[in-house]
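Q: Have a look; sequence and predicted model below, questions after that.
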Amino acid sequence: MAISSIHIEAGNIGFFSHNDRSRLTKNSIFSDEKNFVSCSSKEAIKIFKEELEIRTQAYLKNHPTRKKLHSKTHTHLSAIVNLNAEHTEKDLKKVCEHLEETFDTKVLQFSIHRDEGHVSEDGEKIKNYHAHIEFMGLNSDGNSIKRQLHRKELIALQSATAKLLQMERGTNYTKEQKQRPKRLDTYEYKEAKEQESKTKRATQKNLKTEIANLRAELKEQGAVRADHARLEALNRELEEQIKNKDLSLEKLQYLLGDKDRIIDFLSKENEEIHELKTENNDYIQQARTTWEKFLEAQEAIKKLEVANESLNSTNESLQADMSRLSAINSQLKSKSNEKLTEAQEAIKKLEARNESLNSTNESLQADMSELQANMSRINSQGTVRLTEAQEAIKKLEVANQSLNSTNESLQADMSRLSAINSQLKSK
């Protein structure tokens, strides 16, 4: 059973094609189990470019004086994780989620390799179960994650990985106060294992024979110039390895022995190079467009700076006016407070007077109510008496008429008596 380990290093665009096996892998010596990859190298590169643009813009927004990322910033990081045979992509995804949550990154591609290993001195093939996690080297603010990876954070990451994968944690050298051994990355480790298992080194003659066979095969299949160029590049690479005594005969025969696989690989490499060139041309065009926009932005900034100077001058004038207005406002507030006090006193007097008037009004209201009640009673009684009076008047009028008639009769009688009296006096 393997010991838990996670190692983070700077990423490379070629790692994506290594992970999905679209590029030839020297140590792929097993075929009994299937590998796993979350997405193709082409998809991963697309995601990387999109995320790089987003996070770069975030960085420039947070650092207005900067025009681009620092040239030494690691925008792509790669983690290599030890695994056991039973581990699946679900297990590895837990580690991916932990990386994203802990370092505010985004995982671009992750893979599990079950086909790599090395051959021991006894000729036994030993499988190396491991995983690769490619992720952004910038957080959502565009800051470098590599600069956050201090010893404390790396120790915590080792412990978390062991817990998530339910594996035995490797030695904590800081805790046990032991000297840390030199760390070999995956590629250095593979090379060391190959060196251990070499019993016979390949020679230039061996290489020449294999390359000649491949040239003949390519010619027979009508390969294009690019395929031959790639083969020559591979030949130079292997010649260098032989020169440095880094290539065994067994490895050379494995690399070049399967002609169909090599030819297929060369074709894929040619297609991949063409795609990368196309993508590179697109990127150059985008860069040119971005540069033109940058120049336009600089011109706009100059205009804004001139406008800003004018605004600063206006602002200073406004500040002076504000100071004067503030002094006037203080004076007005002082006078306003005096008037307010007088007004408050007057209001209190008016409120007291209003209360007195309200009391008097309530008393008058009560008297008015009583008078209205009395008037209602008087009106009711007056109506009855008026009717009686009218009837009495009518009777008096009748009696008056009778009296007038009697009076007239008496007047006539008085006239006659007066005449008779005058006559008597004269006698």
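A: That came through fine.
Q: Could you use CA atoms for every contact and neighbour count after this?
A: OK.
Q: For this protein, give me the ranges with low pLDDT.
A: Residues of the chain that meet the criterion pLDDT under 70 lie in 121, 171-200, 221, 223-224, 252-283, 336, 378-384, 413, 425, 427.
Q: all helices for it, in order.
A: 14-19, 41-62, 89-103, 151-165, 186-197, 204-220, 225-243, 249-257, 259-426 (DSSP state H).
Q: Touching the second one from outside, list them.
A: In this case it means helix 41-62. Under the criterion CA atoms under 8 Å, 6 or more residues apart in numbering, residues 13, 16-17, 19-20, 22, 66-69, 75, 108-109, 136, 138-143 lie in contact with helix 41-62.
Q: go with 6 Å
A: Defining contact as CA atoms under 6 Å, 6 or more residues apart in numbering, one finds that helix 41-62 is touched by F16, S17, L108, Q109, S140, D141, G142.
Q: Please flag which of these sit within strands.
A: L108, Q109 (DSSP state E).
Q: which of the residues in stretch 123-139 are buried?
A: Residues 127-139 are the ones in stretch 123-139 that count as buried (16 or more other CA atoms under 10 Å).
Q: Just to be careful, could you list which of those residues are in strands?
A: Per DSSP E, strands hold the following members of those: K127, H130, A131, H132, I133, E134, F135, M136.
Q: Tabulate those residues (a markdown table), appending distance to V95.
A: Listed next are those as a markdown table, based on distance: CA to CA, whole Å:
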| residue | distance to V95 |
| --- | --- |
| K127 | 22 |
| H130 | 13 |
| A131 | 11 |
| H132 | 11 |
| I133 | 9 |
| E134 | 12 |
| F135 | 12 |
| M136 | 15 |
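Q: Pick the one among those closest to A419.
A: Nearest to A419 among these is M136, at 157.4 Å by CA to CA.
Q: Spit out the contact partners of that closest one.
A: T75, H76, L77, T105, K106.
Q: just these now: which is nearest L357?
A: Closest to L357, out of all of the contacts of M136 and judged by CA to CA, is T105, at 80.0 Å.
Q: How about the backbone phi and psi for the closest residue to the closest one other than its chain neighbours?
A: In space, and not counting its chain neighbours, T105 is closest to N139: 5.0 Å by CA to CA, 6 or more residues apart in numbering. When read as degrees, to the nearest 10, the backbone of N139 gives phi -80, psi -180.
Q: ok, now H63?
A: phi -130, psi 80.
Q: How many residues are close by it?
A: 14 (other CA atoms under 10 Å).
Q: N12 now?
A: 13.
Q: if we can go back for a sec, closest one to L218 out of the contacts of M136, please.
A: H76 (36.5 Å).
Q: Dig out what that closest one forms beta bridges with.
A: M136 (DSSP bridges).
Q: these two touch, right, it and L138?
A: No - judged on CA atoms under 6 Å, H76 makes no contact with L138 at a distance of 7.8 Å.
Q: Can you tell me how far T290 is from E50?
A: According to CA to CA, to the nearest Å, T290 and E50 sit 15 Å apart.
Q: same check, this time on K152
A: Taken as CA to CA, the span from K152 to E50 is 31 Å.
Q: Pull out the buried positions in stretch 111-123.
A: Buried residues in stretch 111-123, counted by 16+ other CA under 10 Å: S111, I112, H113, R114, D115, E116, G117, H118, V119.
Q: now do stretch 32-43
A: Buried residues in stretch 32-43, counted by 16+ other CA under 10 Å: N35, F36, V37, S38, C39, S40, S41, K42.
Q: Which ones among these map onto strands?
A: F36, V37.
Q: can you redo the buried residues of stretch 32-43 as a markdown table with distance to A373?
A: Output for these, formatted as a markdown table (distance: CA to CA, whole Å):
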| residue | distance to A373 |
| --- | --- |
| N35 | 110 |
| F36 | 107 |
| V37 | 105 |
| S38 | 101 |
| C39 | 102 |
| S40 | 105 |
| S41 | 106 |
| K42 | 105 |
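Q: Going by distance to L234, which of the buried residues of stretch 32-43 wins?
A: Checking the buried residues of stretch 32-43 against L234 with CA to CA, the nearest one is S41 at 21.4 Å.
Q: how close does the closest one sit to N19?
A: The value you get for S41 to N19, if CA to CA is used, is 8 Å.
Q: same check, this time on E299
A: Taking CA to CA, one finds E299 at 45 Å from N19.
Q: When those two are compared, which one has more neighbours?
A: N19 (26 against 12).
Q: Now that one: closest residue in space, sequence neighbours ignored.
A: S111 (6.0 Å).
Q: gap between that neighbour and E33?
A: Distance from S111 to E33, counting by CA to CA: 14 Å.
Q: And for A44?
A: 24 Å.
Q: cool, and R114?
A: For R114, the distance to E33 (CA to CA) stands at 6 Å.
Q: and if you look at D321?
A: For D321, the distance to E33 - CA to CA - is 82 Å.
Q: May I have the phi/psi pair for S40?
A: Dihedral angles for S40 - degrees, to the nearest 10 - are phi -70, psi 170.
Q: what's the residue most central in space within the chain in contact with, if anything?
A: For the chain, the residue nearest the mean C-alpha position is S140 (9.4 Å; CA atoms, centre = their mean). By CA under 6 Å, 6+ apart, the residues touching S140 are R55.
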